[in-house]
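>>> Here you go, sequence then predicted model.
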Amino acid sequence: MNFRLVFKLTGKTLMVEAGAMLLPLLVCLYYQEDPRPFLITIPLLVLVGALLSLLRSNDHFFSREGFFAVALIWLLVSAAGALPFFFSGYFPTYIDCFFEAASGFTTTGASILTAVEPLPKGILFWRSFMHWLGGMGVLILTIALLPSLGSRTLHLMKAESPGPVVSKLVPKSSQSSKILYAIYCGLTVIEIVILRIAGMPWYDSIVHSFGTAGTGGFSIKNLSIGAYGNPAFEIIITIFMLLFSVNFSLYFLLLCGKVRQVFQSDELRFFLVVVFASILLISINICDLYASVGEAVRHAAFQVGSVISTTGYASTDFDKWPEFSRTLLVLLMFIGACAGSTGGAIKCSRVLLLLRCIRREIRQVIHPRAVNVVKLDGHVVDESALRSVYLFFAAYMFITLGSTLLVSVDNFSFGSTFTAVVACIGNIGPGLEMVGPMGNYAAFSLFSKTILSLCMIVGRLEIIPILVLFSGNAWKRS
């Protein structure tokens, strides 16, 4: 393990994080709020980052270093991101601050705050801005800003990018990162402008667009988007939640004029079928709860978009919906968004591959001598990729059940405990019952909050990097 190079990369990322904190600092100054939480944190991160960046190291950097670095950096970036919360005095303990920061960077949107509206605008801006930074990936941002990392970038992208297969849009990884961020920034700006035109204040438009872009879910209102009572806001945010759930490489293909290739994507078609089928079924199920069919469809579409994109915003308290709708939303928490998007959970591509693997096994039993292959987008998926999907699914379920057992020591109901874990590892945010859209995670013990924070990071990094970090073999120098 090339520890010096890993720590050097960590230092550069901490300095990028310190630079990102200048924005919430400016917000504090603009609204004449106490800037000390950021004035203390920024120099501290710059100092630590600079010292680590000055380490001398060789250029030996392979997959092991990439996965190890990504896991370590996400833990440290979350720990550092918690410092402004800690210095603000609005959070009871540092564990609560770490929970909030991990929830921010992993785009989970789970919160320990019982009320967010009393918080300073600078702190609320930092909560939402963490979503935006973590949505595309803090390492992807570092690669885009520091192309000098060279050949190491692909190992970092493989470890941080969501989905079973990671590829570059163009030959250079740093150029791919810039293209991804250009698309990301463009969609974010478009949403900000549209929300402002619809009547949402500038500040509100910016922070909610950050949350939508990163599919995060932190709101500056206690009742989330439902607090505005504005159908136009809900429709706009629904559309953008779904847009940010799509693989960003498809937007690159659109920009290149390859429209037909985009709509030939098996994952995109599967995603759209799941979304529209869920909206239809839930709309029928909740129709009696609302004054009109249109209102029922609007809320169903918003919550389906929010859950499957793993954003976590709420337009209404869906925990009061019938059991069928609540169960369907929990199933969507497992499916999640498309690979290569800012969404979390298992991902549509993996679910689709698992379904096709089941179909292949059935055909193999019926026709033992037939040659059956699994295809995605018309291409045969090799067995090593399918094996990684099996292992990911098994590890995902094992960690979910194991974490549920650990969190159950708090003695809350199974619905609250299980959906809290599912919502955290899937980076969704709200679950059901105590952690529903109108609830929070404040009542959990510090032990459970630590477990749930780790679940968020495990889910965001798709398990393997964290397992590498805690593997004894990864710490060996040879």
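Sure thing, it's come through.

>>> starting at the chain centroid, how far to the host helix or strand of Gly104?
In this assignment (DSSP states H and E), Gly104 forms part of helix 94-105. Here helix 94-105 is found 14 Å from its chain centre; the criterion is Cα atoms, centre = their mean, to the nearest Å.

>>> Name the residues that touch that helix?
Outside of helix 94-105, the residues that reach it under the criterion Cβ atoms under 8 Å, 6 or more residues apart in numbering are 74, 77-79, 81-83, 85-86, 91, 108-113, 126-128, 130-131, 133-134, 138, 216, 218, 424, 429, 441, 446, 449-450, 452-453, 456-457, 460. Placement of C-beta: from N, CA and C, glycine included.

>>> Going through those, which ones are buried?
Burial of the contacts of helix 94-105 was assessed by neighbour count (16 or more other Cβ atoms under 10 Å); the buried members are 74, 77-78, 81-83, 85-86, 91, 108-113, 126-128, 130-131, 133-134, 138, 216, 218, 424, 429, 441, 449-450, 452-453, 456-457, 460.

>>> Out of the residues you listed, which sit inside helices?
Here DSSP state H is the test, and the buried ones among the contacts of helix 94-105 give 74, 77-78, 81, 83, 85-86, 126-128, 130-131, 133-134, 138, 424, 449-450, 452-453, 456-457, 460 as lying in helices.

>>> So which residues of this protein form strands?
375-376, 379-380 (DSSP state E).

>>> Just say which of those is most tucked in.
Mean neighbour count (mean count of other Cβ atoms under 10 Å) peaks for strand 375-376 among those, with a mean of 15.

>>> Let's test this: mean pLDDT of the helix holding Gly104, rounded?
When pLDDT is averaged over helix 94-105, the result is 95.

>>> Buried ones in it, by neighbour count?
Neighbour-count burial for helix 94-105 flags Ile95, Asp96, Cys97, Phe98, Phe99, Glu100, Ala101, Ala102, Ser103, Gly104, Phe105 (criterion: 16+ other Cβ under 10 Å).

>>> so how far is Cys185 from the third one?
What that stands for is Cys97. According to Cβ to Cβ, to the nearest Å, Cys97 and Cys185 sit 28 Å apart.

>>> now do the fifth one
Taken as Cβ to Cβ, the spacing of Phe99 relative to Cys185 amounts to 28 Å.

>>> Surely Val421 touches Ser403?
Yes: counting by Cβ atoms under 8 Å, a contact exists between Val421 and Ser403, whose distance comes to 4.7 Å.

>>> any shared contact partners between these two?
Taking Cβ under 8 Å, 6+ apart as the contact rule, the neighbours common to Val421 and Ser403 are Leu452, Cys455.

>>> the more surrounded of these two?
Neighbour comparison, Val421 and Ser403: the larger count goes to Val421, with 27 against 23 (by other Cβ atoms under 10 Å).

>>> The more buried one and Gly402, how far apart?
9 Å.

>>> ok, Gly134 to Ala213 distance?
From Gly134 across to Ala213, the span is 10 Å (Cβ to Cβ).

>>> Where does pLDDT dip in this structure?
Applying pLDDT under 70 to the chain flags the ranges 1, 57, 59-63, 137-176, 469-470, 472-478.

>>> quick one: the helices in the stretch 351-478 of the chain?
For the stretch 351-478 of the chain, helices defined by DSSP state H, counting those that start in this stretch occupy the ranges 383-407, 414-425, 446-460, 464-469.

>>> contacting residues for the closest residue to Arg36 other than its chain neighbours?
Distance criterion Cβ to Cβ, 6 or more residues apart in numbering; nearest residue to Arg36, sequence neighbours excluded, is Phe87 at 6.4 Å. For Phe87, the contact set (Cβ under 8 Å, 6+ apart) comprises Arg36, Pro37, Ile40, Thr41.

>>> and the last one, how many neighbours?
Taking other Cβ under 10 Å as the neighbour definition, Thr41 ends up with a count of 24.

>>> was I right about it contacting Met21?
Yes: with the criterion set as Cβ under 8 Å, Thr41 and Met21 qualify as a contacting pair; they are 6.3 Å apart.

>>> where do the contact lists of the two overlap?
The contact lists of Thr41 and Met21 share Pro84, where a contact means Cβ under 8 Å, 6+ apart.

>>> now the strands of the chain in TSV, with distance to Val351?
Supplementary listing: the strands of the chain in TSV, determined by distance: least, Cβ to Cβ, whole Å:
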stretch	distance to Val351
strand 375-376	12
strand 379-380	18
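
>>> To Tyr203, which of those lies closest?
Minimum separation from Tyr203 across the strands of the chain (Cβ to Cβ) falls at strand 375-376, 42.3 Å.

>>> Can you give the strand pairings for the closest one, parallel or anti for each?
Looking at strand 375-376 with DSSP bridges, its partner strands are strand 379-380 (antiparallel).

>>> Pull the residues that contact the partner strand.
Contact partners of strand 379-380, identified using Cβ under 8 Å, 6+ apart, comprise Val373, Val374.

>>> One more pass at 6 Å, please.
Applying Cβ atoms under 6 Å, 6 or more residues apart in numbering, the contact partners of strand 379-380 are Val373.

>>> Centre of the chain to it, how far?
Shown here is strand 379-380, whose average C-alpha point lies 28 Å from the average C-alpha point of the whole chain (Cα atoms, centre = their mean).

>>> Please apply the same query to stretch 36-43.
Here stretch 36-43 is found 26 Å from its chain centre; the criterion is Cα atoms, centre = their mean.

>>> now swap in stretch 229-238 and tell me
22 Å.

>>> What of stretch 83-97?
The chain centroid and the centroid of stretch 83-97 are separated by 22 Å under Cα atoms, centre = their mean.

>>> measure it end to end?
The distance separating the two terminal residues of stretch 83-97, taken as Cα to Cα, to the nearest Å, comes to 7 Å.

>>> If I take the helix holding Gly104 and helix 446-460, what angle do their directions form?
Here helix 94-105 points in a direction 20 degrees away from that of helix 446-460 (axes from the mean of the first three to the mean of the last three Cα atoms, to 10 degrees).

>>> Helix 94-105 to helix 414-425, inter-axis angle?
Helix 94-105 and helix 414-425 meet at an angle of 60 degrees, taking the same axes, to 10 degrees as the criterion.

>>> re the thing from before, with distance to Phe334 as extra columns, can I get the buried residues of helix 94-105 in TSV?
Listed next are the buried residues of helix 94-105 as TSV, based on distance: Cβ to Cβ, whole Å:
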residue	distance to Phe334
Ile95	27
Asp96	27
Cys97	29
Phe98	26
Phe99	22
Glu100	24
Ala101	25
Ala102	21
Ser103	19
Gly104	23
Phe105	22
